[in-house]
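*Asks:* the sequence and its predicted three-dimensional model are supplied below.
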Amino acid sequence: MGRAFEFRKGRKMKRWSAMAKAFTRIGKDIVMAVKEGGPNPDANSRLRAVIQNSKAVNMPKENVERAIKKATDKDTANYKEVLFEGYAPHGIAILVETATDNNNRTVANIRSYFNKCNGTMGTQGSVEFMFDHTCNFRIPTNGIDPEELELELIDFGAEEVFEDEDGILIYAPFGSFGTIQKELENRGLEILSSGFERIPQITKKLTEAQVADVEKLIEKIEEDDDVMNVYHTMEEE
């Protein structure tokens with residue numbers, strides 16, 4: 001198995017465990033998708049993907065419809081996706097994905113978390129290169145052989161296909177998202193969820209006390225409403 005498998009096994013979606021936070025993220029994704037490509041999911045592949053993800057976290061249909069309606073209102077502010085980079089204690093690289101309608105507020109908040117937890121906020125490009133930007137899709141198993149599917153999807157950019165208890169996961173470079181989404185839809189395969197992740201190229205093993213230092217910073221950052229995802233180079237058990 002490759003790095004995507006190990007990464008997924010380590011995270012186990014634990015960062016998405018807070019349902020309220022998941023709904024907030026989906027709501028922002030809907031706004032950005034509608035502002036970019038309109039409110040019709042049939043004509044907007046990004047919105048189509050977000051709606052699939054809303055089902056995966058059991059977000060009520062009326063919440064999704066309300067968010068789409070709200071996003072079509074010209075008075076609804078769009079969110080800007082901003083990446084923050086830095087180091088936690090013990091040399092652990094941290095990458096923070098945010099979606100914000102007030103960049104000044106978000107910059108000030110993220111900087112304060114790094115400062116309070118003995119971290120250092122870095123400049124643009126200081127740690128991003130340590131992570132592979134990937135896309136992923138989850139589909140039902142339905143008797144599909146992951147190895148055969150991987151061979152069939154290699155030409156569309158797939159790099160890793162494996163099975164877990166919730167279905168089959170397909171990983172590919174960030175730029176292959178649209179191509180693979182289209183191919184899965186053409187094959188009539190149901191996409192349960194999809195998304196993007198940044199997988200660390202190298203991880204560092206820490207002691208229990210050092211892990212606690214790093215997790216203190218990660219948890220602080222994750223509590224911020226503007227934060228969508230936090231990635232790091234700490235080895236996870």
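*Replies:* Yes, it's here. Numbering: from 1, shown residues only.
*Asks:* for residue 221, give its distance to residue 202.
*Replies:* 21 Å (CB to CB, to the nearest Å). The C-beta positions use only the backbone N, C-alpha and C, and glycine is treated the same way.
*Asks:* who has more neighbours, these two?
*Replies:* Between residue 221 and residue 202, counting by other CB atoms under 10 Å, residue 221 is the more crowded of the two (24 against 10).
*Asks:* isn't the more buried one right up against residue 111?
*Replies:* No - look at residue 221 against residue 111 with CB atoms under 8 Å: they stay out of range, at 10.8 Å.
*Asks:* residue 178 - that's part of a strand, no?
*Replies:* No - with DSSP: H, G, I helix; E, B strand; the rest coil as the criterion, residue 178 is located in helix rather than a strand.
*Asks:* wouldn't it be in contact with residue 45 here?
*Replies:* Yes - counting by CB under 8 Å, residue 178 touches residue 45, with 6.4 Å between them.
*Asks:* in this protein, where's the longest helix?
*Replies:* Counting residues, the longest helix in the chain under DSSP state H turns out to be helix 19-37.
*Asks:* which regions of the chain lie under the pLDDT threshold?
*Replies:* 1, 8-20 (pLDDT under 70).
*Asks:* at 90 instead, please
*Replies:* Along the chain, segments meeting pLDDT under 90 span 1-24, 56-57, 74-77, 164-166, 236-237.
*Asks:* what ranges does it have for its helices?
*Replies:* In the chain, the helices defined using DSSP H lie at 3-11, 19-37, 45-56, 61-72, 103-116, 146-153, 177-186, 208-222.
*Asks:* out of the ones you listed, which is the most enclosed?
*Replies:* Between the helices of the chain, the one whose residues have the most neighbours on average, counting mean count of other CB atoms under 10 Å, is helix 45-56 (a mean of 20).
*Asks:* tell me what that one is packed against?
*Replies:* Contact analysis of helix 45-56 by 3 or more CB pairs under 8 Å, 6 or more residues apart in numbering; DSSP states H and E lists helix 19-37, helix 61-72, helix 177-186, strand 193-200 as its packing neighbours.
*Asks:* go again using 6 Å as the cut-off
*Replies:* helix 19-37, strand 193-200 (3 or more CB pairs under 6 Å, 6 or more residues apart in numbering; DSSP states H and E).
*Asks:* so which of the helices of the chain comes closest to residue 169?
*Replies:* When those are ranked by distance to residue 169, counting by CB to CB, first place goes to helix 3-11 at 6.5 Å.
*Asks:* okay, now the nearest residue to residue 126 once chain neighbours are set aside: neighbour count?
*Replies:* Closest residue to residue 126 apart from its sequence neighbours, by CB to CB, 6 or more residues apart in numbering: residue 85 at 5.0 Å. The criterion is other CB under 10 Å. On that basis, residue 85 has 21 neighbouring residues.
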